[in-house]
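Student: could you work out the structure for the sequence below:
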Amino acid sequence: MKMKTGFTILELLLVVFLISSLLLVGIPFWQNVDEQLLLNKEQQKVVLFLRQIQARAENLQEPLWLFTNRNLSEKRWCFSVQTKHDILCDCLKPHLCPKSVDAQFYYPHANGKTMISTPKYFPERTTAFNGARNTVFSTCFVLQVADLKTFFSLYMVGSIRLKSFQSLSHCKKAIEGD
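Tutor: The predicted structure is shown next:
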């Protein structure tokens, strides 16, 4: 009698079970890694933008104002930077900003996946960079991707610090009330 080749139903079910188990464990882990990478990339871009604004402010005789704006329903946020002017430029409506204002805008790498929280939103000024003394009006904001958060602190002496969101501060409380 010839031996038949192939797999039994039990063996096939065992393989399907093992593959399903691996996917159930692997997919959430991979999504978390992707979110962490996205948060890290956005952090680096925001810090670079803020450093560029500090460098630009050093060459000016007047402070540069930083405004933060967001639209929660559209999951959009941005920064706008400008000198003191009668017209304030909204980064969510850059087409309304005249060229004479010389505003600079920052838009996130992955709009819709990241969000920002701060105590003050446009038209209120988030902070100002003063190049003459290399100072910044103290402020903070939170950058978020899914449940991952990074806390940015800008201090009077011009320093920009990133902290875990668990850090206790009055600024965190102001943002959580948002």
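Student: list the helices and strands the helix or strand harbouring residue 140 packs on?
Tutor: Element membership of residue 140, judged by DSSP states H and E, is strand 139-145. Judged by 3 or more Cβ pairs under 8 Å, 6 or more residues apart in numbering; DSSP states H and E, the packing partners of strand 139-145 are helix 9-58, strand 114-117, strand 148-154, helix 170-176. From N, CA and C alone the C-beta is placed, and that goes for glycine too.
Student: between strand 148-154 and it, find me the angle.
Tutor: 160 degrees (axes from the mean of the first three to the mean of the last three Cα atoms, to 10 degrees).
Student: low-confidence ranges in the chain?
Tutor: Applying pLDDT under 70 to the chain flags the ranges 1, 26-33, 165-178.
Student: go with 90
Tutor: Regions of the chain meeting the criterion pLDDT under 90 cover residues 1-36, 54-55, 57-62, 84-85, 102, 109-112, 129-140, 146-178.
Student: in it, which residue is closest to the centre?
Tutor: The centroid of the chain falls nearest to residue 143 when counting by Cα atoms, centre = their mean (3.8 Å).
Student: element containing the closest residue to residue 125 other than its chain neighbours, please.
Tutor: Closest residue to residue 125 apart from its sequence neighbours, by Cβ to Cβ, 6 or more residues apart in numbering: residue 65 at 5.0 Å. Using DSSP H and E, residue 65 sits in strand 64-71.
Student: next, the contact list for the residue nearest to residue 125, please.
Tutor: 81-84, 125, 127-128 (Cβ atoms under 8 Å, 6 or more residues apart in numbering).
Student: show me how far the strand holding residue 140 is from its chain's centre.
Tutor: With Cα atoms, centre = their mean, to the nearest Å as the basis, strand 139-145 stands 7 Å off its chain's centre.
Student: just checking: what are the partner strands of that strand?
Tutor: strand 114-117 (antiparallel), strand 148-154 (antiparallel) (DSSP bridges).
Student: what residues sit buried inside stretch 43-59?
Tutor: Buried residues in stretch 43-59, defined by neighbour count with 16 or more other Cβ atoms under 10 Å: 43, 45-46, 49-50, 53-54, 57.
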